[in-house]
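> Provided below for reference: sequence and predicted model.
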Amino acid sequence: MSTPSSDARSGPVPVFMGALAVCLAVGAAGCAVAVGAVRYAPKATAARLGQTCTRTVGPHADLEGALRHARGHAVLCLRAGSYAAGGQIYLSHITPTATVTLRPTPGATVKLGWLELAADVRNLTVEGFVLTRGAADVGPAANVTFRANTVSGADGATSGFYFYGDGGLQRNMHVLGNRMSYLAPADLAPPGAGQCVTVSGGGSEERDFDISHNVCGPGIGDHYVQVGGIDGLTEDYNEFLGPAAPEALQDQAHNNVLQIFGDSENVEFSHNVIRGSESRGQEILIEEGRFVHVNIDDNLFVGAPRCLRYWNCYSYALGMCATDGLWFQHNTVIGYHWGVQVTHSGGSPGCLASGRDYQVTHNIVVGTNDNADITYGECEQRCVFDYNVTSDRSARQGGARHYVIDWRPRWRNRTTFGPLGLPFQAGSPADTG
């Protein structure tokens, strides 16, 4: 397993761009056209934006002071205007006893510059803004939510949401229903640059994150989501759109839809859609650490057609360390150069030598160009590999008793890719989300 370049740790490296219509290579089924419409549009956010304002302020207000003095459950609304003195807003020591919400007045478009929460912020929701430089939470924090915001390079943004405990604990953090696109700055050195979400403090500082119902892409510059170790990650119902920005392939950046490096526990990546991201190496890369309880369930992976032919974006849909507890179930994987590598620890330091408690079942993996559809191994205890479907013969391994091999794909449609004609349920259900 290849390892990320050093800049993926010290300062992420931007690299993505693209259109929403993708022609999908599907092995023997040829090339089909599917439109990357938002399958999982942000939910449960519009109603929240309509809640009553308890106080309304203008562009020259002292936001930090107003938030510090707000009572629990207050809704502080901003009138249309510019709130970014020098392009930056810093908020610190905001500790209401219950959640306080910061949002625009109903119907207003409010643009904020760089928004940084620092030095003890808790029970705060920031929602409904255009963040022209992205946002960060640096320092101890709890119960912080970024919801229904827009972050785009079209407005000058270079990064999405960046989290770093800086020696303190960040817990119960939420990134919900946001739209992020075209984050590909020329300077890739700043932490989080070119990424939708970055969590960098490690498992001792970062706990219980929820990254759900977001749209990330196209035009994303480094990793879509990068995590430097975590204890508790739920990444569900997101859509990750490609293709990559030209700089991604020109600079040969190591870009993943999800990269986790460092010891981590209780990771869930489920009910997501990935379309044509042009990741180099792996769409999902889990490496360089001890991993406990990883659930990758009910996802749709649609590879970029040119990455079956163009060496600079050859990729696995999944490459990961052996884990203590892995559920890889009900995924549909279409058209990746190297298919799916369920476990491989040899080239990644800190990984377990072999896994245990595996459930690798009810997956569809087809259209691999230069490898087995599923590469499976390094599970030594309580290993279940069954009810998988492949366009080659790799579904018949690992003691499998129920499988479909040499399958010629038949799909209900070319957007959700519900399979037709299988003897058992497999793949990502079309009605999820």
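Happy to help now that I have it.
> for the rest of this, base every contact and every neighbour count on C-alpha atoms.
Will do.
> residues making contact with the helix or strand harbouring Val333?
Take DSSP states H and E as the rule and Val333 turns out to sit in strand 332-334. For strand 332-334, the external contacting residues (CA atoms under 8 Å, 6 or more residues apart in numbering) are 25-27, 298-303, 317, 339, 363-368, 417, 427-428.
> beyond it, next helix or strand please.
The first helix or strand that comes after strand 332-334 along the chain, using DSSP H and E, is strand 340-341.
> helix or strand right after that next one?
Following strand 340-341 in sequence, per DSSP H and E, is strand 355-361.
> alpha carbons of that next one, as PDB, please.
Once non-C-alpha atoms are left out, strand 355-361 reads as follows in PDB (Å, rounded to 0.1, in the frame of the first residue of the first chain):
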ATOM      1  CA  GLY A 355      -7.400  -8.700  11.100                       C
ATOM      2  CA  ARG A 356     -10.300 -10.400  13.000                       C
ATOM      3  CA  ASP A 357     -14.100 -10.200  13.200                       C
ATOM      4  CA  TYR A 358     -14.700  -9.400   9.500                       C
ATOM      5  CA  GLN A 359     -18.000  -9.300   7.700                       C
ATOM      6  CA  VAL A 360     -17.300  -8.800   3.900                       C
ATOM      7  CA  THR A 361     -20.700  -9.600   2.400                       C
END
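> what's the mean pLDDT across it?
In this model, strand 355-361 has a mean pLDDT of 96.
> please apply the same query to stretch 70-81.
For stretch 70-81, mean pLDDT is 96.
> show the end-to-end separation of that stretch, please.
Stretch 70-81 has an end-to-end distance of 21 Å (criterion: CA to CA, to the nearest Å).
> per-residue pLDDT of the residue nearest to Leu352 when sequence neighbours are not counted, please?
Of all residues not flanking Leu352 in the chain, Ala322 sits nearest, at 5.6 Å (CA to CA, 6 or more residues apart in numbering). As predicted, Ala322 sits at a pLDDT of 92.
> what of Leu249?
Leu249 carries a pLDDT value of 65.
> and the longest strand for the chain?
strand 114-127 (DSSP state E).
> which residues sit against that one?
49, 84, 87-104, 131-149.
> how much space between the residue nearest to Leu352 and Tyr314?
22 Å.
> quick one on the thing from earlier: in ChimeraX, how would I select the buried members of the contacts of strand 114-127?
The buried residues among those can be selected in ChimeraX (16 or more other CA atoms under 10 Å) with this line:
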select :49,84,89,91,92,93,94,95,96,99,100,101,102,103,104,131,132,133,134,135,136,137,138,139,140,141,142,143,144,145,146,147,148,149
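> just the ones of the contacts of strand 114-127 in strands?
Among the contacts of strand 114-127, DSSP E puts 88-94, 100-104, 131, 135-138, 141-147 in strands.
> and Ile260, how many neighbours does it have?
Residues near Ile260, counting by other CA atoms under 10 Å, number 25.
> next, work out how far apart Asn143 and Gly289 are.
Where Gly289 is concerned, Asn143 sits at a distance of 27 Å (CA to CA).
> hang on, I meant Gly355
Taking CA to CA as the measure, Gly355 falls 13 Å from Gly289.
> of these two, give the one with the bigger neighbour count.
Gly355 (25 against 22).
> let me see the ranges of the helices in the stretch 151-300 of the chain.
Listed in chain order, the helices of the stretch 151-300 of the chain (DSSP state H, counting those that start in this stretch) span 246-250.
> how about low-confidence regions in it?
244, 248-249, 251-253 (pLDDT under 70).
> stretch 307-322: which residues count as buried?
307-308, 312-322.
> sheet-wise, list the partners of the longest strand of the chain with their directions.
When pairing is defined by DSSP bridges, strand 114-127 lines up against strand 88-94 (parallel), strand 100-104 (parallel), strand 135-138 (parallel), strand 141-147 (parallel).
> how about those strands, which one is nearest Ile260?
Among the strands paired with strand 114-127, strand 135-138 comes nearest to Ile260, with 19.0 Å by CA to CA.
> please save the CA atoms from that closest one in CSV.
Output of strand 135-138 as CSV, limited to C-alpha atoms (Å, rounded to 0.1, in the frame of the first residue of the first chain):
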residue,chain,number,x,y,z
ALA,A,135,-13.8,28.0,8.7
ALA,A,136,-11.7,26.4,11.5
ASP,A,137,-12.1,25.3,15.0
VAL,A,138,-8.7,25.3,16.8
